[in-house]
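Peer 1: when you get a sec, could you give me coordinates for this:
(one chain, ligands or ions: 1)
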Amino acid sequence: MPIRPTDDPTTKAMKGINLFHYSQSNCAMRIRIALAEKGLPWNSHYINLDTQDNLTDEYFRIHPHGLVPSLVHNGEIVYESSDILRYLEEKYPEPSLIPDDPEQRAEMEEWLDLTRDLHIKVIKVWVYGTERYRSKTKESMKEYIMKQPNQELIDFHKMTLARGHIPQAMIDEAAAKLHALFARIDSNLEKYEWLVCDKMTLADIAWIPNYTLLHFNNFPFEQYPHALKWINRFISRPSYIAGVDKWFDYVPE
Ligand SMILES: N[C@@H](CCC(=O)N[C@@H](CS)C(=O)NCC(=O)O)C(=O)O
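Peer 2: Numbering: from 1, shown residues only. Coordinates of the predicted model:
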């Protein structure tokens, strides 16, 4: 179980489920959806990425890279959205969000790992690249470089600030990977009702927020009709409304 050891008395004293999150983070959406699917009450700790709330010393005591989401559950810290999903499943196994069949379970794990491994290289590169978006300024980048230990993230944000932004070849490569992934998702959904079997699992919860993010940039989901049916079914679920839609209207204090 990926628990981050801590001696910090404030963190250790936190009771219940405490989620550190940001409204529009796709990584945070998956945790809010899972909590809603499991019907678990939780305390919201809003980390406003627009004002770099993630770079405070206080938040680094929880997340070693100052990213969202992170979870403090009865004083135990867990970060990385796929690990938080696994943690919640272990602590709160009902209703079950894992397949009964071991091969399908292995595939679910693969989808969880993929969303972690591809977050910067594929999802972020394509989203930021297609709209030439920057979430940092040259000024805010100075503080980011000083505090962020994750070199891949520093390099990514620096690239978005460079004159040519993200090179087109990288964006094209990310697009090709996304198409391959959604073709695979589509073919799975031709066989099953959900991504790895006929039951909703953590794989579905991990991947639906990638749809949320990509569709704002007009990723051509119409090419994947089985995936589109799954998307339409998912986005009308109460867990999606509570975990995603509701937070788009959130105004930080
Ligand atoms: N693989 C991590 C990625 C976390 C991540 O990159 N979160 C983004 C929001 S989706 C973030 O906190 N960005 C702030 C930054 O880059 O400074 C996870 O799934 O938890």
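
Peer 1: which residues of the chain fall in strands?
Peer 2: 17-21, 43-46, 70-73, 76-79 (DSSP state E).

Peer 1: partner strands of the third one and their direction?
Peer 2: Strand pairing for strand 70-73, using DSSP bridges, gives strand 17-21 (antiparallel), strand 76-79 (antiparallel).

Peer 1: so which of the ones you listed gets nearest residue 170?
Peer 2: strand 76-79 (26.6 Å; C-beta to C-beta). Any C-beta I mention is one placed from the backbone N, CA and C, and that applies to glycine too.

Peer 1: distance of residue 45 relative to the ligand?
Peer 2: Going from residue 45 to the ligand by C-beta to the nearest ligand atom, to the nearest Å gives 13 Å.

Peer 1: got it, and residue 136?
Peer 2: Taken as C-beta to the nearest ligand atom, the spacing of residue 136 relative to the ligand amounts to 8 Å.

Peer 1: just checking, residue 67 touches residue 55?
Peer 2: No. Checked against C-beta atoms under 8 Å, the pair residue 67 and residue 55 is beyond contact range at 10.4 Å.

Peer 1: the more surrounded of these two?
Peer 2: The neighbour comparison of residue 67 against residue 55 (other C-beta atoms under 10 Å) goes to residue 67, with 23 against 17.

Peer 1: without its sequence neighbours, what residue ends up closest to that one?
Peer 2: Of all residues not flanking residue 67 in the chain, residue 54 sits nearest, at 6.5 Å (C-beta to C-beta, 6 or more residues apart in numbering).

Peer 1: and the one you found, how close does it get to residue 206?
Peer 2: Distance of residue 54 to residue 206, computed by C-beta to C-beta, to the nearest Å: 21 Å.

Peer 1: more neighbours: the two, which one.
Peer 2: The neighbour comparison of residue 54 against residue 206 (other C-beta under 10 Å) goes to residue 206, with 26 against 23.

Peer 1: thinking again about what came up before, possible to save the strands paired with strand 70-73 as a markdown table with distance to the ligand, mean neighbour count and mean pLDDT?
Peer 2: As requested, these are arranged in a markdown table below (distance: least, C-beta to the nearest ligand atom, whole Å; neighbours: other C-beta atoms under 10 Å; pLDDT from 0 to 100):
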| stretch | distance to the ligand | mean neighbour count | mean pLDDT |
| --- | --- | --- | --- |
| strand 17-21 | 9 | 22 | 98 |
| strand 76-79 | 6 | 22 | 98 |
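
Peer 1: turn those into CSV, columns for distance to residue 227.
Peer 2: CSV is the format used below for the strands paired with strand 70-73 (distance: least, C-beta to C-beta, whole Å):
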stretch, distance to residue 227
strand 17-21, 26
strand 76-79, 29
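
Peer 1: nearest to residue 240 among the strands of the chain would be which one?
Peer 2: strand 17-21 (15.5 Å).

Peer 1: grab the CA positions of the closest one and hand them over as PDB.
Peer 2: Presented in PDB, the C-alpha positions along strand 17-21 are these (Å, rounded to 0.1, in the frame of the first residue of the first chain):
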ATOM      1  CA  ILE A  17     -11.300  11.200   4.300                       C
ATOM      2  CA  ASN A  18      -9.600  14.500   3.300                       C
ATOM      3  CA  LEU A  19      -9.200  15.200  -0.300                       C
ATOM      4  CA  PHE A  20      -6.800  17.800  -1.600                       C
ATOM      5  CA  HIS A  21      -8.000  18.700  -5.000                       C
END
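
Peer 1: stretch 85-95 vs the ligand: in contact?
Peer 2: No. Between stretch 85-95 and the ligand, judged by C-beta under 6 Å from any ligand atom, nothing touches; the nearest distance is 9.5 Å.

Peer 1: relative to residue 84, how far out is whichever residue of the stretch 151-253 of the chain sits closest to the ligand?
Peer 2: Residue of the stretch 151-253 of the chain nearest the ligand, by C-beta to the nearest ligand atom: residue 153 (5.4 Å). Taking C-beta to C-beta as the measure, residue 153 falls 19 Å from residue 84.

Peer 1: sweet, I'm off.
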